[in-house]
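> the following block contains a protein sequence and its predicted model.
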Amino acid sequence: MSKQILTDKETKHFLMKAFGCTQQFVWQALTFRRDSETARRIRVLALKRGGKLVDGYVPKCETTHEEVEKTMTQTFGPRVKLVVDKETGDVSVYVDGQLKDSYKNITVPDLMQLQGEVQLMAAAL
């Protein structure tokens, strides 16, 4: 993944309406594939509305998808794992099999930030 601004669908639709542009133009602006004055203004407004700038981050973990349980599990080393409920967006963080933290209805940008924090935590254990 390269540099981009992650935001929710509502914000993307707001940006399309505010700038009178297409979904593709907004996507190109948020993924830095377009660098016009309008694209820069879209990025600024997306960040002001809660968008998160990510720059090539890919967590170092093993990821499995449990289709029946509708979860995704990411294992960071032998002691730490993160479990995402795909239906609710709830996330649980476990250390040595014990629940350490839980988050309700987390957004993708917040999940990416949490992955980074969990990876650092796992490296420190």
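Yep, it's here.

> now Lys104: how far from Ala39?
34 Å (CB to CB, to the nearest Å). In this view, the C-beta of every residue, glycine as well, is placed from N, C-alpha and C.

> looking at those two, which is more packed in?
Ala39 (20 against 9; other CB atoms under 10 Å).

> so how far is Val93 from that one?
36 Å.

> show me where this protein has strands.
Taking DSSP state E to define them, one finds strands in the chain at 4-6, 52-54, 62-66, 71-76, 80-85, 91-95, 98-103.

> sheet-wise, list the partners of the third one with their directions.
Right, the one you point to is strand 62-66. Partners of strand 62-66 in the sheet, by DSSP bridges, are strand 71-76 (antiparallel).

> thinking again about what came up before, any chance of the strands of the chain in TSV with distance to Arg34 and mean pLDDT as columns?
As requested, those are exported to TSV (distance: least, CB to CB, whole Å; pLDDT from 0 to 100):
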stretch	distance to Arg34	mean pLDDT
strand 4-6	12	85
strand 52-54	16	82
strand 62-66	31	95
strand 71-76	31	96
strand 80-85	31	96
strand 91-95	32	97
strand 98-103	33	95
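
> right, and these - which one's nearest Leu30?
Evaluated with CB to CB, those place strand 4-6 nearest to Leu30, the distance being 4.6 Å.

> ok, residues contacting that closest one?
Residues from elsewhere that reach strand 4-6 (CB atoms under 8 Å, 6 or more residues apart in numbering): 30-32, 43, 46-47, 51-54, 108-109, 112.

> buried stuff in the lowest-mean-pLDDT helix or strand in the chain?
The helix or strand of the chain with the poorest confidence is strand 52-54; it has a mean of 82 (mean pLDDT, DSSP states H and E). For strand 52-54, burial by neighbour count (16 or more other CB atoms under 10 Å) applies to 52, 54.
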